[in-house]
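Asks: Sequence below, structure please.
(chains A, B, C and D)
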Number of protein chains: 2
Amino acid sequence: MDNITTKILEGDSLDVLKTLSDNSVDLIVTSPPYADNRKNTYGGHPPNKYNEWFLPISKELKRVLKPTGTFILNIKEKVTDGERNTYVLELIIKMREQGWLWTEEFIWHKKNSFPGKWPNRFRDSWERLLQFNKEKKFAMYQDAVKVEIGDWAKDRLNKLSETDKKRDNAKNGSGFGKNVSNWLGKETVYPTNVLHLATECNNKNHSAAFPNSLPEWFIKLFTKENDTVLDPFAGSGTTLFVAQSLRRNSIGIEIVSEYVEEIQKSLNEIEKNNIQTKINYAIA
Amino acid sequence: MDNITTKILEGDSLDVLKTLSDNSVDLIVTSPPYADNRKNTYGGHPPNKYNEWFLPISKELKRVLKPTGTFILNIKEKVTDGERNTYVLELIIKMREQGWLWTEEFIWHKKNSFPGKWPNRFRDSWERLLQFNKEKKFAMYQDAVKVEIGDWAKDRLNKLSETDKKRDNAKNGSGFGKNVSNWLGKETVYPTNVLHLATECNNKNHSAAFPNSLPEWFIKLFTKENDTVLDPFAGSGTTLFVAQSLRRNSIGIEIVSEYVEEIQKSLNEIEKNNIQTKINYAIA
DNA sequence: GTTCCGCATGAATCGATAG
DNA sequence: ACTATCGATTCATGCGGAA
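Replies: So this is what the prediction gives:
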């Protein structure tokens, strides 16, 4: 039952990526360290040098991604000197020059961004989720992420009269009546490109963790079971754990050995539990 | 009581703008025709020529805007050949080269986005609201747009421990503890940079590009009474009517004479009612 | 007077068909 | 091969007429 592998590799992303095979990954989901002048855990990549640092990495990512694969990049430009810095815009343009297709920009609306006050701006409660592809045709499993239908329809459908339910419209071209009856029993609709997810307040050390539901959504949308997911900036390992629980293979890369150790420890725990489960099955 | 003027000027935006004085406008809110949209009425500007058309206009806008003024540009790039086109990104970069500061990007989340289903993308339910300024210090009246506090925050506050309430944070830069205690007992809170507004779908001839509440929000946020608001692509006149009702002077520019006439007609109606009101007051 | 329901209408995008 | 036009798809909203 268990062919899924979950790997965490320690090292600089660019170096480690070079050891991975061409066209071997179905989905890349990552949230790279944000541009920052401070030299902290990640050494800091100032805004004006950010792309210089990131573009060689995105080139390797393009190599390891399958032609039908997708790259989701969670990023938001910083405010520098009172302005939104343009390095993310420039990154998109440069990545297209590398051969990436900029297919879509999803918005992650962070519902619980904490209140604060600045004289000339409001709380920043959204981030970009940039979708890049190698080819126009890529794998996408839309049914895996359908959402509950809006309240308007629930009300409407619950109250539909018998005649409405039976009506086979032939009146005019609008097709509405027909559709309404088609919608009976319909509970879900396709989502949009705006994601409403709360940030999780983890007690963990890692700062830039995104909530489980974020990689979960993209893993369901762009991969199927036994596919391979890559997170070149694994951080606290969210992407890996979600991938594993959804039965996708995954590879994480992380430069900070402390994080690598924590991830490895959690993976060992899970492995132990799995073995225990198997033994229990065998006994039973 | 009535010094507010509301003007609609007919003609090409670039030409008409040249007749306006330097540093005379407090706020520009506009939604120019998007690339290739509204070909029938506006002639259509193909994506690869869009900035060539728009940049001379933004240059004039910069001239007429006061140093403390703000320019809000509602725009969203279209999909061409399966990709998000980059002309809006390039526009931001080029406008900075013109001397604009790209202060902020608000997100307009449209709940009722256009329906449809495609194999490779979901419905597009957001648009960019780009904020540009001439100077780092600009007029902003944040208190005018405070919103009711969200339930999540209410819960959070109710559950706060006494230590949390007293805590004077110094740990990290988040300001969490400090702000929380400031907050207790308040009913309203400053909004974020994500706006949730549905488009208004009227049965009328020209549906407005944006709902009243959109210019209303920005007019309250960036102007005070008797200030001057400019919309160089007035369309159905939403910005003008909202500005008038909020007692701001306003100037609209519109190239389609049919729209200009309708706006003028509405303005005349309002004027007539005002006079009627005054007479009634006089009698009473 | 309420509430309820029918309906038109979207800053859309893709793929097929036609010149 | 490259462009132009057209049909199919889909769902939230407000208005107006009806119960």
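Asks: Kindly report the residues of the stretch 151-284 of chain A close to chain B.
Replies: A:190-194, A:198 (CB under 8 Å from any CB of the partner chain). Every C-beta, even on glycine, is put in place using the N, C-alpha and C of the backbone.
Asks: Now intersect those with the strands, please.
Replies: Members of those lying in strands (criterion: DSSP state E): A:V194.
Asks: Which one (most neighbours) among the residues of the stretch 151-284 of chain A next to chain B?
Replies: A:V194 (23 neighbours; other CB atoms under 10 Å in any protein chain shown).
Asks: Show me what it is bridged to.
Replies: A:I107 (DSSP bridges).
Asks: OK, contacts around it?
Replies: Contact analysis of A:V194 by CB atoms under 8 Å, 6 or more residues apart in numbering or on different chains lists A:106-107, A:109, B:109, B:125-126.
Asks: mind checking pLDDT for it?
Replies: On pLDDT, A:V194 comes in at 97.
Asks: which phi and psi does the most centrally placed residue in chain A have?
Replies: For chain A, the residue nearest the mean C-alpha position is A:P215 (3.7 Å; CA atoms, centre = their mean). Backbone torsions for A:P215, taken as degrees, to the nearest 10, come to phi -60, psi -30.
Asks: where in the stretch 101-250 of chain A is pLDDT low?
Replies: A:155-186, A:201-209 (pLDDT under 70).
Asks: What segments of it are helices?
Replies: A:151-158, A:162-166, A:176-183, A:213-222, A:238-245 (DSSP state H, counting those that start in this stretch).
Asks: hmm, back to that, from the residues of the stretch 151-284 of chain A next to chain B, pick the one nearest A:Q276.
Replies: A:A198 (33.0 Å; CB to CB).
Asks: which ones are touching the residue nearest to the centre of chain A?
Replies: A:29, A:229, A:231, A:238-239, A:242-243.
Asks: now do A:T223
Replies: A:26-27, A:139, A:141, A:229, A:248.
Asks: before we move on, what about A:K136?
Replies: A:101, B:81-82, B:120.
Asks: repeat that with 10 Å
Replies: Residues near A:K136 by CB atoms under 10 Å, 6 or more residues apart in numbering or on different chains: A:101, A:103, B:81-83, B:120.
Asks: Identify the farthest-apart pair in these.
Replies: B:D81 and B:N120 (11.8 Å).
Asks: So these two - more neighbours on which side?
Replies: B:N120 (16 against 7).
Asks: if we can go back for a sec, nearest to chain B, of the residues of the stretch 151-284 of chain A next to chain B?
Replies: A:T192 (3.7 Å; CB to the nearest CB).
Asks: Distance check, the closest one against B:N112.
Replies: 10 Å (CB to CB, to the nearest Å).
Asks: For the closest residue in space to A:D12 that isn't next to it in sequence, grab the count of nearby residues.
Replies: Leaving out its chain neighbours, the residue that sits closest to A:D12 by CB to CB, 6 or more residues apart in numbering or on different chains is A:I255, at 5.5 Å. When counting by other CB under 10 Å, one arrives at 18 neighbours for A:I255.
Asks: Surely A:I255 and A:P32 touch.
Replies: No: the criterion here is CB atoms under 10 Å, and A:I255 misses it with A:P32 at 11.2 Å.
Asks: mind checking the end-to-end distance for stretch A:136-153?
Replies: Start-to-end span of stretch A:136-153 (CA to CA, to the nearest Å) is 34 Å.
Asks: Sort out which residues of that stretch are buried, please.
Replies: A:138-140, A:142, A:145 (16 or more other CB atoms under 10 Å in any protein chain shown).
Asks: ditto for stretch A:248-264
Replies: So, applying 16+ other CB under 10 Å, buried residues of stretch A:248-264: A:248-255, A:259-260, A:262-264.
Asks: can you tell me which of these are in strands?
Replies: A:249-254.
Asks: hang on, the earlier thing: which ones, among the contacts of A:K136, also lie beside DNA strand D?
Replies: Among the contacts of A:K136, no residue is within reach of DNA strand D (CB under 7 Å from any atom of the strand).
Asks: Could you confirm A:E90 falls within a helix?
Replies: Yes: the assignment for A:E90 by DSSP: H, G, I helix; E, B strand; the rest coil puts it in a helix.
Asks: Most widely separated two among the buried residues of stretch A:248-264?
Replies: A:R248 and A:I255 (23.2 Å).
Asks: how about the strands in the stretch 1-150 of chain A?
Replies: A:6-10, A:25-30, A:65-75, A:79-80, A:83-84, A:101-110, A:126-133, A:147-148 (DSSP state E, counting those that start in this stretch).
Asks: Distance to A:K220 for the ones you listed - can I get that in JSON lines?
Replies: Formatted as JSON lines, the strands of the stretch 1-150 of chain A follow (distance: least, CB to CB, whole Å):
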{"stretch": "strand A:6-10", "distance to A:K220": "17"}
{"stretch": "strand A:25-30", "distance to A:K220": "10"}
{"stretch": "strand A:65-75", "distance to A:K220": "12"}
{"stretch": "strand A:79-80", "distance to A:K220": "33"}
{"stretch": "strand A:83-84", "distance to A:K220": "31"}
{"stretch": "strand A:101-110", "distance to A:K220": "14"}
{"stretch": "strand A:126-133", "distance to A:K220": "14"}
{"stretch": "strand A:147-148", "distance to A:K220": "12"}
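Asks: Out of those strands, which is the most enclosed?
Replies: strand A:25-30 (a mean of 25; mean count of other CB atoms under 10 Å in any protein chain shown).
Asks: does it come close to chain B?
Replies: No: applying CB under 10 Å from any CB of the partner chain, one finds strand A:25-30 separated from chain B by no less than 14.8 Å.
Asks: name the helices or strands packed onto that strand?
Replies: Packing partners of strand A:25-30 (3 or more CB pairs under 10 Å, 6 or more residues apart in numbering or on different chains; DSSP states H and E): helix A:50-64, strand A:65-75, helix A:213-222, strand A:228-231, helix A:238-245, strand A:249-254.
Asks: Partner strands of that strand, with direction?
Replies: Per DSSP bridges, strand A:25-30 is paired in its sheet with strand A:65-75 (parallel), strand A:228-231 (parallel).
Asks: Since that was my last question, I'll sign off now.
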